[in-house]
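Trainee: okay, predicted coordinates and the sequence, questions at the end:
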Amino acid sequence: MDILALDLGTSSVRGLVLDADAVPRPGALARRRVRLVTGDDGTGTLDGPAYLACLVECLDELAAGGHLRDVDLVATSAQWHSVLPVAPDGTPSGPVLTWLDTRPEPLPGATGPADPEDFHRRTGAWWHRCYWSVRLPWLRERVDRPAGFTGLAEYTLGTLLDDAPMSISLASGTGLLDLRRLDWDPEACELAGVRPEQMLRLAPDGWHGRLNAAYARRWPQLAGARWAPPVGDGAAANVGSGCVDPTRAAVTVGTSAAVRTIQAVPAGSEPPPLPEQLWRYRVDHHHVVTGAAYSSGGNLFAWASRELRLPEGRELEAALDRVTGSVRANPRFGGDRPPGIAPAGSGELRGLSFGTTAVDILAGLMSGLCRLVADDLALLESGVGEPMEVILGGGALTASPWWRGAFLDVLAPRRVCWQRNPEIGATGAALVALGRLAEADEIAGVGRTDEAASHT
């Protein structure tokens, strides 16, 4: 049995085929870049139909290469927080708002939850522009009478499948889900201007979907495959890093960045206390993920490479090894993720002189993110009472040995290791779909901790 793993990211869509132990099959990878529209006003949107077309192209490519013939299960890692207004016929009536969009704000006269602390305890979220409690009212003022709202994963999979309810994991990222009851929170829905019964249907534990007739004809190899509920990308990255219990934290740097840990909390059980500065979402019906996220990550590296005319490859790494650390930076170029409210354009550089180089600026930005992560990791550790082992992962850290070393330095004296697998999100989603989350740190090629990060 093979597994088709889809990664519905912010900068790209990927599809890859893995074996029964969630190890990637050689050459069975298709990838398409997607166009993220950004602006100085905080815009961060995607075109829904164009995004769907990229996903279809990936599946066409894998099918043409003969990679789908043994697929029995389809797993999906998908970005949290996205929202798409839809017309009565289910077609998009506006662009997809991604996690990166900082424009939504409460409408004039709107008030938040009656008890913010209890709201945070129940939902793991805040009344914040990142969540549907603020996003839906804001969108209604800007879209011509939308009939409803959906997420990016629900839109794409809803087009391909005969049925696509919202997974518990992605529902938790809306900020409207009661994490204990695993149902829509009435007060959160009221803030969003919807009744719980108007919200998307939630996938029950054990749900699986199937391709609809049209796409089953297009990809007959997948006609009998089971489609598992999508997993939020951050949760999937933790599983793919082998960080599936409170002794380990995953630090993932892709387009954005985050630090997170997973705990077993079955449905109906009260989750453990939640520090006021951290969010909490669901991995599935049986586990929660707690952490902090940042709008800046690999996009810092991409911006610096584009604008500062940096050297490349070994030359860049050698130059980074020579920096003195004179530049201090606030890396919040894209603004704050919740609970912070700094808008896009909040990045800062300090300590510049006539001797400052482009590489010094890059090092300052990368080190600034390391310090943000270290502060929030200390909050995570406060809940377990001891230092955690840290597993570094994600494409941006794979690309930069210096950045891995910078994390190693700032997180000392903790044990810090590097997960080499570049597809941790897709791999993690596959492990959740297989029901093997608890084994994630033992399965071959997953959660390897035998090589510490280094500067070389």
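Mentor: Everything's here; your move. Predicted model only: the values in this text are computed from it and were never measured.
Trainee: could you report the neighbour count for the residue lying closest to Gln221 once chain neighbours are set aside?
Mentor: Distances taken as C-beta to C-beta, 6 or more residues apart in numbering put Leu68 closest to Gln221, at 3.9 Å, once the chain neighbours are dropped. Bear in mind the C-beta positions are built from the backbone N, C-alpha and C, glycine included. By the criterion of other C-beta atoms under 10 Å, Leu68 has 21 neighbours.
Trainee: quick one: contacts for Leu68?
Mentor: Shown in contact with Leu68 (C-beta atoms under 8 Å, 6 or more residues apart in numbering): Leu4, Val17, Leu59, Leu62, Trp219, Gln221, Leu222.
Trainee: what does the strand or helix carrying Cys54 contact?
Mentor: Per DSSP states H and E: Cys54 is located in helix 48-64. With C-beta under 8 Å, 6+ apart as the test, helix 48-64 has contacts from 4, 6, 8, 13-15, 17, 28, 30-35, 68, 84, 92, 95-96, 152, 155-156, 159-160, 218-219, 221-222.
Trainee: check contacts around Tyr294.
Mentor: Contacts of Tyr294 (C-beta under 8 Å, 6+ apart): Ser256, Ala257, Ala258, Pro331, Arg332, Arg337, Leu369, Leu372, Val373.
Trainee: quick one, phi/psi of it?
Mentor: When quoted as degrees, to the nearest 10, the phi and psi of Tyr294 stand at phi -140, psi 140.
Trainee: excluding sequence neighbours, find me the nearest residue to it.
Mentor: Among residues not flanking Tyr294 along the chain, Ala257 sits closest, at 4.6 Å (C-beta to C-beta, 6+ apart).
Trainee: against Leu392, how distant is the one you found?
Mentor: Distance check for Ala257 against Leu392: by C-beta to C-beta, to the nearest Å, it reads 11 Å.
Trainee: shared neighbours, the two?
Mentor: Common neighbours of Ala257 and Leu392 (criterion: C-beta under 8 Å, 6+ apart): Val251.
Trainee: and for Arg260, the neighbour number?
Mentor: With neighbours defined by other C-beta under 10 Å, the count for Arg260 comes to 27.
Trainee: ok, the one 3 residues further on next?
Mentor: Residues within reach of Gln263, counting by other C-beta under 10 Å, total 17.
Trainee: list the buried residues in whichever strand or helix holds Phe407.
Mentor: Element membership for Phe407 (DSSP H and E) is helix 401-411. Judged by neighbour count (16 or more other C-beta atoms under 10 Å), helix 401-411 contains these buried residues: Pro401, Trp402, Trp403, Arg404, Gly405, Ala406, Phe407, Leu408, Val410, Leu411.
Trainee: go on, stretch 416-423?
Mentor: By neighbour count with 16+ other C-beta under 10 Å, stretch 416-423 contains the buried residues Val416, Cys417, Trp418, Gln419, Asn421, Pro422, Glu423.
Trainee: cool, stretch 352-369 as well?
Mentor: Buried residues in stretch 352-369, counting neighbours by 16+ other C-beta under 10 Å, are found at 356, 358-369.
Trainee: closest to Ala192 out of these?
Mentor: Nearest to Ala192 out of these is Leu369 (C-beta to C-beta; 31.3 Å).
Trainee: confirm for me that the closest one is in contact with Leu300.
Mentor: Yes. Assessed by C-beta atoms under 8 Å, Leu369 is found in contact with Leu300 at 6.8 Å.
Trainee: name the residues contacting each of those two.
Mentor: Pro331.
Trainee: quick one: buried residues of the worst-scoring helix or strand of the chain on mean pLDDT?
Mentor: Within the chain, no helix or strand scores below helix 395-399, which has a mean of 89 by mean pLDDT, DSSP states H and E. Buried residues in helix 395-399, defined by neighbour count with 16+ other C-beta under 10 Å: Gly395, Ala396, Leu397, Thr398.
Trainee: please apply the same query to stretch 116-136.
Mentor: Neighbour-count burial for stretch 116-136 flags 119-136 (criterion: 16+ other C-beta under 10 Å).
Trainee: quick check: angle from the helix or strand encompassing Gly27 to helix 48-64?
Mentor: Here Gly27, judged by DSSP H and E, is contained in strand 24-33. Here strand 24-33 runs at an angle of 150 degrees relative to helix 48-64 (axes from the mean of the first three to the mean of the last three C-alpha atoms, to 10 degrees).
Trainee: quick one: strands adjacent to strand 24-33?
Mentor: Partner strands and pairing direction for strand 24-33 (DSSP bridges) are strand 12-18 (antiparallel).
Trainee: ok, residues contacting the partner strand?
Mentor: For strand 12-18, contacts defined as C-beta under 8 Å, 6+ apart pick out 2-7, 24-25, 28-34, 51, 54-55, 58-59, 61-62, 67-68, 71, 423, 426-427, 430.
Trainee: that one: how far from the chain's middle?
Mentor: Here strand 12-18 is found 15 Å from its chain centre; the criterion is C-alpha atoms, centre = their mean, to the nearest Å.
Trainee: buried residues, it. List them.
Mentor: Buried residues in strand 12-18 (16+ other C-beta under 10 Å): Ser12, Val13, Arg14, Gly15, Leu16, Val17, Leu18.
Trainee: residues in contact with the spatially closest residue to the fifth one that is not a sequence neighbour?
Mentor: Closest residue to Leu16 apart from its sequence neighbours, by C-beta to C-beta, 6+ apart: Leu29 at 4.4 Å. Leu29 makes contact with Arg14, Gly15, Leu16, Val17, Glu423 under the criterion C-beta under 8 Å, 6+ apart.
Trainee: Asn212 too?
Mentor: By C-beta under 8 Å, 6+ apart, the neighbours of Asn212 are Leu160, Leu161, Asp162.
Trainee: next step: those restricted to helices.
Mentor: Among the contacts of Asn212, the members found in helices (DSSP state H) are Leu160.
Trainee: compare the contacts of Asn212 and tell me which has the most neighbours.
Mentor: Busiest of the contacts of Asn212 [other C-beta under 10 Å] is Leu160, holding 23 neighbours.
Trainee: closest to Ala192 out of the contacts of Leu29?
Mentor: Arg14 (31.0 Å).
Trainee: separation between that closest one and Glu61?
Mentor: Arg14 sits 11 Å away from Glu61, going by C-beta to C-beta.
Trainee: and for Trp80?
Mentor: Separation of Trp80 from Glu61 (C-beta to C-beta): 27 Å.
Trainee: out of those two, which sits in the busier spot?
Mentor: A direct count of neighbours by other C-beta under 10 Å for Trp80 and Glu61 places Trp80 higher, at 26 against 16.
Trainee: tell me where the model's unsure across the stretch 301-450 of the chain.
Mentor: By pLDDT under 70, the low-scoring segments of the stretch 301-450 of the chain are 444-450.
Trainee: which of the contacts of strand 12-18 count as buried?
Mentor: With neighbours counted by 16+ other C-beta under 10 Å, the contacts of strand 12-18 contain buried members at 2-7, 24, 28-30, 32, 34, 51, 54-55, 58-59, 61-62, 67-68, 71, 423, 426-427, 430.
Trainee: could you look up the SS state of Asn238?
Mentor: helix (DSSP: H, G, I helix; E, B strand; the rest coil).
Trainee: thanks a lot, catch you later.
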